[in-house]
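**Q** here is the input, now give the coordinates:
(3 chains)
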Amino acid sequence: MKLDKHFYAAPTLTVARSLLGQVLVRRSPQGDRAGIIVETEAYTKNDPACHASRGKTRRNASMFGPAGTAYVYFIYGMHYCFNVVTAEEGIGEAVLIRALEPIAGISLMEESRRTKDVKLLCSGPARLCQALDITTIEDGINLAGETIYILAGSQPKSSVAAARIGISAGQSLPYRFYLADNKFISKK
DNA sequence: CCGAGGATCATCT
DNA sequence: GATGATCCTCGGT
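**A** This next block holds a predicted model:
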């Protein structure tokens, strides 16, 4: 069953944690790919690390759309990161998907990533975008559609909260969530 | 195993 | 002109 706006419109920290164990699906003409979400990070209002914290710009405009919108941005001159817009429309909060456990379309992922090491396919925000062929073309799409969506997976498993990775501001906030003992998280 | 450094460019100052 | 929600490679231990 596909997750709907009701799920995404919940408080951002709640969504970040409850996305763990759900299944991200990417459909394309080449075939379908999917993975279990095993690691997320929340970015909230009044959070200095949040792209929306300094107001709406061309880049972060999708963050201010309705819950269940995809926010995809380009970073470091070569990488993309995929987020799900959460909470109330207009406040600019989202959840970054940081790692997946691949479960379908693995040969397509291997081709896109140019590696056959399954642990390197989707363990990292930019890696999973490359594996699923997600770029800024997908920025702003609605996850209620048929291109990218999330299926309800298993019941919530034991999860861990920790500091986020790769940010300079807001390091003290425990807004990173991951499944305990999962082998596909991006970092220990 | 681990850390340092480079790649590479859209966005914002 | 500097920076960044990253990743890869290389060299040292």
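
**Q** excluding covalently adjacent residues, which one is nearest to the residue of chain A positioned farthest from its centre?
**A** Each residue of chain A has a distance to the centre, and by C-alpha atoms, centre = their mean the biggest one is for residue A:116: 22.4 Å. Among residues not flanking residue A:116 along the chain, residue A:110 sits closest, at 5.2 Å (C-beta to C-beta, 6 or more residues apart in numbering). For glycine as for every other residue, the C-beta is placed from the backbone atoms N, C-alpha and C.

**Q** name the element the residue in chain A positioned nearest to DNA strand C belongs to?
**A** Closest approach of chain A to DNA strand C (C-beta to the nearest atom of the strand) occurs at residue A:166, with a separation of 1.7 Å. Taking DSSP states H and E as the definition, one finds residue A:166 inside no helix or strand.

**Q** run a quick neighbour tally on it.
**A** 12 (other C-beta atoms under 10 Å).

**Q** separation between it and residue A:69?
**A** Using C-beta to C-beta, to the nearest Å, one gets 23 Å for the distance from residue A:166 to residue A:69.

**Q** same question for residue A:52.
**A** Going from residue A:52 to residue A:69 by C-beta to C-beta gives 13 Å.

**Q** separation between the spatially most central residue of chain A and residue A:37?
**A** With distances taken as C-alpha atoms, centre = their mean, residue A:97 lies nearest the centre of chain A, 2.0 Å away. Computed with C-beta to C-beta, the distance linking residue A:97 and residue A:37 is 6 Å.
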